[in-house]
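Participant: got a sequence here, can you build the structure:
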Amino acid sequence: MALVRGHSVALVSLLQRRAQETTGRMQQWLEEHYQAEMKSIDQLSEVVRYHIESAEHLKNEMVLRGTKFFLMDVCRVENPTALRIIQLECLYQGFHLVSQSGVMPSSGLYKVLGEITSVHIENSKVPYIESLLRDKSEHIDWRRLLLSAALPWPSPSVPQLLAVLEGFKAVDSDLTGYVSEDQYLQVELWFSDGTEDAQGDSSEMPSSKRLAELRKFFFKLFADHSSLPSRLHYETMLRYFAADPDPREGFIRALSLGLGKQVKSPSQDQLVQSMTSMEEEVETSELSADNQEEKALDVSSTSSAEQEVSIPALLAVIGRKVPETSQSQEELVQIFAELNCGWEDSIPFSVLCQHPAFQALMKKSTQHQLIDIHDLLLCCLDGTDEEEQDESDSATSL
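Facilitator: The predicted model follows:
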């Protein structure tokens, strides 16, 4: 019995010593770890203080990972005026819940933005955003809004849009007009290398990481998620990217995409001269029957190398809203009739552009106008996910 008790006492003493040694080592490790963390935080603070005092922008991303602090050599700090991808996805989820079609009543914009951002939005900002997006039927296309929110992104030229269109058709072997996400990722977009000029603030080029994230976000934004798997109507997506701050230029870019060939328009000076000559001609006298025949011959004898357009091709570009398309159809029929052409006839685009009514039609096609409201949305979303971001930063520093 005494032997068992002695052995037990010796074993307990051994366990106590080992426990004390382990506790001491843990305490020492925690102190060293804490000192290393504080040193890294001090280094980060010193770098931040230096840039603040010298009024210099951070050119490299600062990373605080555990006890280590370092600057990334190959990753630049994202443009502070650009919305984060998580904010864009938050906006997308909110709008998609309201309307999966992408079109919603303009009156609901304030409510949706308020619910998504969870912050107060100035009453004067929302009507301004609505006025830029609202169509004649008092609806807005929220995908246009999110495309503006994603700025800056590289703006494609017409040849680039046509090249990407051909790339999608190549992977769409059955020519259904749709591609899956895997097929979408196989096609090289115009900003794959990140070397093109950015639309918006071109002084801050998006990093390669952000461009890769935007590429995935754009599929989510424009894809039809009601089918399994999700699929993307690629020509519709490219038509959004054909938009331009000038609605007339956006219309011509979208028309080029629809025809599959670049449409060249006459310069503004040529259009002004043409309008002046047409007004003088109307003031002097009406065209005789012979003159009308000559005019028809002039239209048909225009250089064959020039792109020609028909009423159906123009209607495909003008819009998706039935009332607006019906009104535009009547206007186009009248314009073509004045040029002695019918529904199935094609007219050189340079000739069509000289008609004042067609110029007005292009100018009011605001669905092809690229709006720039991401600064306003940035202000609205300034508080979005702020607490989550603070928690993430705190977790990173521990």
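
Participant: all helices for the stretch 1-150 of the chain, in order.
Facilitator: 2-54, 85-98, 109-117, 125-133, 142-149 (DSSP state H, counting those that start in this stretch).

Participant: and those helices: which comes nearest Leu377?
Facilitator: Set against Leu377 and scored by C-beta to C-beta, the helices of the stretch 1-150 of the chain come closest in helix 142-149, at 4.9 Å. The C-beta positions use only the backbone N, C-alpha and C, and glycine is treated the same way.

Participant: for whatever helix or strand comes next after the closest one, what is the distance to the chain centroid?
Facilitator: The helix or strand immediately downstream of helix 142-149 is strand 153-154, counting by DSSP states H and E. Averaging C-alpha positions (C-alpha atoms, centre = their mean, to the nearest Å) puts strand 153-154 8 Å from its chain's average.

Participant: who wins for proximity to Gly167 among the helices of the stretch 1-150 of the chain?
Facilitator: Closest among those, using C-beta to C-beta: helix 142-149, at 20.3 Å.

Participant: on that earlier part again, comparing the helices of the stretch 1-150 of the chain by mean pLDDT, which bottoms out?
Facilitator: Mean pLDDT per stretch puts helix 109-117 lowest among the helices of the stretch 1-150 of the chain, at a mean of 72.

Participant: wait, which of the helices of the stretch 1-150 of the chain is closest to Phe217?
Facilitator: Of these, the one closest to Phe217 (C-beta to C-beta) turns out to be helix 85-98, at 5.8 Å.

Participant: how about that closest one: buried residues?
Facilitator: Ile85, Gln87, Leu88, Glu89, Cys90, Leu91, Tyr92, Gly94, Phe95, His96 (16 or more other C-beta atoms under 10 Å).

Participant: domain ranges for the chain?
Facilitator: 10-77, 85-150, 154-243, 248-275+308-368 (automatic domain parsing).

Participant: in JSON lines: the ones you listed, plus distance to Leu376.
Facilitator: Formatted as JSON lines, these follow (distance: least, C-beta to C-beta, whole Å):
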{"stretch": "domain 10-77", "distance to Leu376": "23"}
{"stretch": "domain 85-150", "distance to Leu376": "5"}
{"stretch": "domain 154-243", "distance to Leu376": "13"}
{"stretch": "domain 248-275+308-368", "distance to Leu376": "18"}
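
Participant: strands along the stretch 251-398 of the chain, start to end?
Facilitator: 308-310, 346-348 (DSSP state E, counting those that start in this stretch).

Participant: could the ones you listed go into a markdown table alongside mean neighbour count and mean pLDDT?
Facilitator: Formatted as a markdown table, the strands of the stretch 251-398 of the chain follow (neighbours: other C-beta atoms under 10 Å; pLDDT from 0 to 100):
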| stretch | mean neighbour count | mean pLDDT |
| --- | --- | --- |
| strand 308-310 | 19 | 91 |
| strand 346-348 | 20 | 91 |
